[in-house]
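**Student:** Everything below, folded, please.
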Amino acid sequence: MRKVFGIGETVYDILFRNGKPVDAVPGGSVFNGLISLGRCGVNSTFITEIGDDETGRMILDFMRENGINDNFVSCYKGHKTAISLAHLNDNGDARYSFYKDYPNNRLDFAMPAICQADIVAFGAYFALNPVLRPKVKGFLQHASDSGAILYYDLNFRENHKQEADSLKDTFHENFALADIVRASHEDLLILYGHDDFRQIYRNEIRPYCTHFICTRGSRGVFVLDGDNEYFYESKPITPVSTIGAGDNFNAGMIFGLMKCGIGPDNLENLDKCDWDRLVRYGIDFGTEACLSTSNYVGMDFADKLKNSDEK
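**Tutor:** This is a model prediction of the structure:
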């Protein structure tokens, strides 16, 4: 059975609207997608770090309840789990404040056994952080050498914009390790100062990775695959929260790779029909996550997919 591995940050999100808290849920960019995949019956393992506190224990319980293997979670005694305050505007978009308490020595884990055609999800600042980079890069290289498909989501936020130049080589390393790269138009604006995704693909990504997806919110999704370009319209909705939109688009893409039987041997030969199916799953997952203040797809949505025989 194919498995999914994720490596990334875990935080506890407290959501505010009009200055008042409206919900509180475990979160993190890769975390959100893995919870959705776990709910859909996908064998998923998450490599992350939490504090040895009540919030951390709540998150571990939540992971287990949603079918996520937590054997590779680093739990830091004497430290608190990271907290995120997410202030939602009228469009469901969030402005964040983070509160973190990490030790000097972080992310101590043994390399998991990864098999051919397993899938690894990584991204955000966790995949760039110089403090964590040696261990994260070692894991990604291990996954690549084992024949896994690596799915990279830039998810680069404004609070790290001043580091963009110093992280350029790390971005290129991630592009080279990845089999699929996704970025939102906001990521491109922050990182490159513009969102001409075709130019960015041509100059920055294609030299390292052929498959690139640019999500543009309500303005749809573009796929650039070598000399081929495909466009997909977003579903017209009124979002409650967009916090988990991109994370769950990623989950849908990964679910599609598994559901459609796409592995390393046929990844380089994807045609329009393949991309149509993959991106449909991505849009469906991302749309579903926008319809509540949860960061993940709902159980009814997940149950329908688990019981579907669609190929």
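
**Student:** Going by C-alpha atoms from here, please, whenever you check contacts or count neighbours.
**Tutor:** Fine.

**Student:** Quick one: the strands in the stretch 201-311 of the chain, in order.
**Tutor:** Taking DSSP state E, counting those that start in this stretch, the strands of the stretch 201-311 of the chain run over residues 211-215, 221-225, 228-232.

**Student:** Tell me if I am right that G92 is in a helix.
**Tutor:** No - using DSSP: H, G, I helix; E, B strand; the rest coil, the secondary structure at G92 is coil, not a helix.

**Student:** picking that back up, pick the most buried one from the strands of the stretch 201-311 of the chain.
**Tutor:** Of all the strands of the stretch 201-311 of the chain, strand 211-215 has the most neighbours on average by mean count of other Cα atoms under 10 Å, namely a mean of 23.

**Student:** For it, give me every contacting residue.
**Tutor:** Under the contact criterion Cα atoms under 8 Å, 6 or more residues apart in numbering, strand 211-215 has outside partners 179-185, 197, 201, 205-206, 221-226, 246.

**Student:** strands paired with that strand, and their directions?
**Tutor:** Applying DSSP bridges to the sheet, strand 211-215 is found paired with strand 180-184 (parallel), strand 221-225 (antiparallel).

**Student:** Identify the residue nearest the geometric centre of this structure.
**Tutor:** Centre of the chain computed as the mean C-alpha position; nearest residue by Cα atoms, centre = their mean is V30, 3.8 Å away.

**Student:** now the helix or strand that contains it: how far from the chain's centre is it?
**Tutor:** V30 is part of helix 29-39 when elements are defined by DSSP states H and E. When distances are taken as Cα atoms, centre = their mean, to the nearest Å, helix 29-39 is centred 8 Å away from the chain's centroid.

**Student:** Show me what that helix is packed against.
**Tutor:** In terms of contacts (3 or more Cα pairs under 8 Å, 6 or more residues apart in numbering; DSSP states H and E), helix 29-39 is packed against strand 4-7, strand 44-51, strand 68-69, strand 119-123, helix 245-259, helix 299-306.

**Student:** And the nearest residue to K272 once chain neighbours are set aside, how far from R198?
**Tutor:** The spatial neighbour of K272 that comes closest, neighbours along the chain excluded (Cα to Cα, 6 or more residues apart in numbering), is Y230 at 7.5 Å. Distance of Y230 to R198, computed by Cα to Cα, to the nearest Å: 12 Å.

**Student:** joint contacts of the two?
**Tutor:** L224.

**Student:** picking that back up, list the beta-bridge partners for the residue nearest to K272.
**Tutor:** Using DSSP bridges, the bridge partners assigned to Y230 are V223.

**Student:** got a list of what it touches?
**Tutor:** Taking Cα under 8 Å, 6+ apart as the definition of contact, the neighbours of Y230 are 222-224, 272.

**Student:** wait, Y76 sits on D52?
**Tutor:** Yes - with contact defined as Cα atoms under 8 Å, Y76 reaches D52; the gap is 5.4 Å.

**Student:** more neighbours, these two?
**Tutor:** Y76 (21 against 16; other Cα atoms under 10 Å).

**Student:** Go through the strands paired with strand 211-215 and name the closest to T48.
**Tutor:** Each of those was checked against T48 via Cα to Cα, and the shortest separation belongs to strand 180-184, namely 21.0 Å.

**Student:** Could you point out the helix or strand that follows that closest one?
**Tutor:** Taking DSSP H and E as the definition, the helix or strand that follows strand 180-184 towards the C-terminus is helix 185-192.

**Student:** on contacts alone, who are the packing partners of the helix or strand just after that following helix?
**Tutor:** On the C-terminal side of helix 185-192, the nearest following helix or strand under DSSP H and E is helix 197-200. Using 3+ Cα pairs under 8 Å, 6+ apart as the contact definition, helix 197-200 packs against no other helix or strand.

**Student:** how about the strands paired with strand 211-215 in JSON lines, adding distance to F62?
**Tutor:** Rendered in JSON lines, the data for the strands paired with strand 211-215 read as follows (distance: least, Cα to Cα, whole Å):
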{"stretch": "strand 180-184", "distance to F62": "27"}
{"stretch": "strand 221-225", "distance to F62": "31"}
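
**Student:** ok, back up a step: with respect to L128, which of the strands of the stretch 201-311 of the chain lies nearest?
**Tutor:** Checking the strands of the stretch 201-311 of the chain against L128 by Cα to Cα gives strand 211-215 as the closest, at 18.9 Å.
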